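In: Predicted structure and sequence below. I'll ask about it afterward.
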Amino acid sequence: MRKFKFKLGRLEAVKGIELSSLQQAVAAAEQAYRQALGELEDARIALEQSYDELARLRAAGHSGALLASTESYGQLMREQVKLASERVIQREAELRAAREALTAKHQEKKALEKVRERQYQLYSLELERHNQSELDETAKNVYERNN
């Protein structure tokens with residue numbers, strides 16, 4: 001009897017490679033998302049510091065160029081927070097898309113595993129039938145020899 005060979009073995013290997021690649025893509029997307037969150041937090045901290053500095057300058061009675069400079073720095077920090085927030089949203093969408101692709105690939109691989117199991121069950125059944133027919137033939141030969 002021939003050995004069991006999965007007919008879709010190469011496809012299964014390719015799906016495994018694709019799955020590995022998608023896992024790496026998800027890891028990279030998670031890293032980019034965490035980095036964007038860090039940048040957003042840094043921008044928020046800088047904005048808070050600019051607010052504190054502006055409040056300190058106003059309380060000290062400063063006006064003019066220093067106050068205007070601090071106000072423009074605060075405006076720049078608000079823009080940085082806005083851009084960082086947009087990057088976080090973008091990275092989050094990319095991460096979600098990568099996770100969805102990974103989930104879909106896992107489902108494809110699981111379907112292939114079910115096909116493999118079914119083919120192996122059919123092979124086992126065929127092997128069992130073949131072995132039973134050999135046993136029946138051997139028993140028949142022994143019976144005929146004895147009678």
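Out: Right, received. Where do you want to start?
In: packing partners for the lengthiest helix in the chain?
Out: In terms of residue count, the longest helix belonging to the chain (DSSP state H) is helix 65-146. On a contact count with 3 or more C-beta pairs under 8 Å, 6 or more residues apart in numbering; DSSP states H and E, helix 65-146 meets helix 9-59. No exception for glycine: its C-beta is placed from N, CA and C like everyone else's.
In: Low-confidence bits of this structure, can you list those?
Out: Residue ranges of the chain with pLDDT under 70: 1.
In: centre of the chain versus stretch 52-72, how much separation?
Out: The chain centre lies 48 Å from the centre of stretch 52-72; the measure is C-alpha atoms, centre = their mean, to the nearest Å.
In: Any idea how far apart the tips of it sit?
Out: Length of stretch 52-72, first residue to last, C-alpha to C-alpha, to the nearest Å: 14 Å.
In: any idea how far residue 86 is from residue 74?
Out: 19 Å (C-beta to C-beta, to the nearest Å).
In: Who has more neighbours out of these two?
Out: residue 74 (18 against 12; other C-beta atoms under 10 Å).
In: With adjacent residues omitted, what lies nearest to the more buried one?
Out: residue 50 (4.1 Å; C-beta to C-beta, 6 or more residues apart in numbering).
In: I figured the one you found hits residue 77, correct?
Out: Yes: counting by C-beta atoms under 8 Å, residue 50 touches residue 77, with 5.0 Å between them.
In: what touches both of these two?
Out: Common contacts of residue 50 and residue 77 (C-beta atoms under 8 Å, 6 or more residues apart in numbering): none found.
In: neighbouring contacts of stretch 39-51?
Out: By C-beta under 8 Å, 6+ apart, stretch 39-51 touches 70, 73, 74, 77, 78, 80, 81, 83, 84, 85, 87, 88.
In: filter those to the buried ones?
Out: The neighbour-count criterion (16 or more other C-beta atoms under 10 Å) marks 70, 73, 74, 77, 80, 81, 84, 87, 88 among the contacts of stretch 39-51 as buried.
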